[in-house]
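Colleague: I need the structure of the sequence given here:
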Amino acid sequence: MTKALITGIGITTAIGQGKDSFVESLLAGKDSFGIMQRQGRQKAGLSFIGAEISNFTSSKRLDERLSRRLSFCSQLTVATLEEAWDEARLDEVAPEKIALVIGGSNLQQRELVNTTEAYTNNPLYVKPSYSISLWDTDLCGLCTEVFPIRGVAYSIGGASASGQVAVMHAVDVVESGRFDVCIAIGAMTDISYLECQALRNVGAMGSTRYAEEPPLACRPFDQHRDGFIYGEACGVVIVESIRSATSRKAKPYGKVLGTATVLAGNRNPNPDLESEIAVIDKVLDQSKLSSKNIDYVNPHGSGSIVGDTTEINAILSSDLSNAFINTTKSITGHGLSAAGAVEIIATLLQMRTGQLHPSRNLITPEVNSINWVSQQCVSHKVEIALCLSYGFSGINTALCLENGLQ
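Modeller: From the prediction side, this is the model:
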C-alpha cells in the first residue's frame, strides 16, 4: 500500500506560468509555437520550431543581486518551486524533514554554448559563476539556499523520462520513512542550436515539413507528424507521506498507487515495444489494478515517427484502448527533462477540473480504434490515471494515480 500523496504542484510552460494560467490554456488547446528566438538557439542557416516562455515573472524570494547571476533555467526552477512550496505550505514542515530531487542532466547546454562563444578568444576572463553552473547539482544548491530544505538533495537523470523518474524517486524517498516530504523537480532542459540540430539529424526532432507553419508542426499520433517539437518547461511535484499530509490537513491532488521502470537494454534512441508493454503490466500489477480500471492515459506521445507507432501498439496490446487518451505535448511541446513532471501535473489538474484537454493537430490519427480526445475538450471525471514517460537509452517508466477527490 503506497504511503505517498501529491500535495502541491508548480508549473511554468510557454502556455502559462502557474497552474491557473496553465490549465486554462491547456483546456483551451492554446499554443505558443513559433521559430525559436532565444540567444543560442539560432545559427546562420539554422532555425528551429519550438515553444519559448515569454512574460516570465521571477520569484519574489530572489534578491536582485542573486537573480542577475542566475541562468534562465535557474530562475525558472526557483519560481516554479515557489508556487508548489506555497501551495503545499511547506513552511510548516521542519526543514530536516524535506528532501529534494532534481530530474534532469546536462540541463544548461545553451548557457554552455553562449559562454563558449563569448569567451573563446578571452578564456582568462570567463565568468567565475560558470564554475558552479556547469554542474547539474547547481540547481540543488540554489533551491536549498532559497528554501529551507535540509534533508537530502541531488539530481537524477533519465533523459526525457527524467521528470517522471524524479517523481517516482520522491515516492520511494517518502515511502522509506526517512523524510516526510520530497520535492520532485522536472527541470528545464535549456538546449542550444547544437542539440536541436543533432536531434534533427538523428530523426527525433521535427519539423522540416511545417517549417513555414509552426502551429501545425507539433502533432503526436497524427499520420503527418515528422518528429517532436521542443517546448520550454519546468514542473514541480510535492510528494508527501499520508501521515504528514493528514497531520497538516493538506488537500491532496492525488495518491500514487504504483510506479514502474523497465529497461530495454538499448543505448540507442529507438523505442522497444516489449519493454513498453512490460512497464504497463508492471505498474498495473504493483497498483493491484487491471487495464479496465484505467479510465485515462497520459502517454509519452512525443510526435516521434517510430516512437508514437510503438506506443500505440503498446497501448493496444495492454488493452487500454477504451481509456481516454490525449497528448499534452501537442500543446506544450516536448520539455525533455521536464516532460514527465509536466504531464503528471497536467493529469492531476484534469482530474481536479473533470475536463480532458484537446489534442492539437490530431486530425488523422494513425489508429482510430483508440479513445482519443481529439480537437475538443471532453468532460470526464478521472478516477484512475496512467502516466507514461520514456527516455533515450531504453528507459521506460509508468506511474499510476488515484484522484485525490475520492
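
Colleague: so who does residue 226 touch?
Modeller: Residues counted as contacts of residue 226 (CB atoms under 8 Å, 6 or more residues apart in numbering) are 206, 207, 208, 209, 210, 217, 303, 305. For glycine as for every other residue, the C-beta is placed from the backbone atoms N, C-alpha and C.

Colleague: and the gap between it and residue 302?
Modeller: Separation of residue 226 from residue 302 (CB to CB, to the nearest Å): 12 Å.

Colleague: Just the buried ones from the contacts of residue 226?
Modeller: 206, 207, 210, 217, 303 (16 or more other CB atoms under 10 Å).

Colleague: My read is that the third one contacts residue 49, right?
Modeller: Yes. Checked against CB atoms under 8 Å, the pair residue 210 and residue 49 is within contact range at 7.1 Å.

Colleague: Identify the contacts common to the two.
Modeller: Here residue 210 and residue 49 have residue 217 as joint contacts, going by CB under 8 Å, 6+ apart.

Colleague: what's the lowest-pLDDT member of the buried ones among the contacts of residue 226?
Modeller: On pLDDT alone, residue 207 ranks lowest of the buried ones among the contacts of residue 226, at 85.

Colleague: quick one, phi psi at that one?
Modeller: With angles defined as degrees, to the nearest 10, residue 207 sits at phi -140, psi 120.

Colleague: Would you enumerate the residues in contact with the residue nearest to it when sequence neighbours are not counted?
Modeller: Distances taken as CB to CB, 6 or more residues apart in numbering place residue 217 nearest to residue 207, at 3.8 Å, with adjacent residues excluded. Residue 217 sits next to 33, 49, 206, 207, 209, 210, 226, 229 when contact means CB under 8 Å, 6+ apart.

Colleague: Run a quick check on the third one versus residue 303, I expect a contact.
Modeller: Right, residue 206. Yes. Contact criterion CB under 8 Å: residue 206 and residue 303 qualify, at 6.6 Å.

Colleague: Among the contacts of residue 226, which ones are in helices?
Modeller: Among the contacts of residue 226, DSSP state H puts residue 305 in helices.

Colleague: Redo the contacts of residue 226 as CSV? Include distance to residue 333.
Modeller: As requested, those are arranged in CSV below (distance: CB to CB, whole Å):
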residue, distance to residue 333
206, 11
207, 11
208, 16
209, 16
210, 13
217, 9
303, 9
305, 17
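
Colleague: Which of the contacts of residue 226 sits closest to residue 247?
Modeller: Distance to residue 247, by CB to CB, is smallest for residue 303 among those, at 43.5 Å.

Colleague: Verify the stated contact: the closest one with residue 225.
Modeller: Yes. Counting by CB under 8 Å, residue 303 touches residue 225, with 4.7 Å between them.

Colleague: joint contacts of the two?
Modeller: With contacts taken as CB under 8 Å, 6+ apart, the residues that reach both residue 303 and residue 225 are 206, 219.

Colleague: which among the contacts of residue 226 gets closest to residue 280?
Modeller: residue 303 (20.5 Å).

Colleague: Counting neighbours, what do you get for residue 270?
Modeller: 15 (other CB atoms under 10 Å).

Colleague: Tell me how far it lies from residue 72.
Modeller: Residue 270 sits 32 Å away from residue 72, going by CB to CB.

Colleague: Could you pull up the residues touching the closest residue in space to residue 211 that isn't next to it in sequence?
Modeller: Closest residue to residue 211 apart from its sequence neighbours, by CB to CB, 6+ apart: residue 49 at 7.2 Å. Counting by CB under 8 Å, 6+ apart, residue 49 touches 33-36, 206-207, 210-211, 214, 217-218, 229-230.
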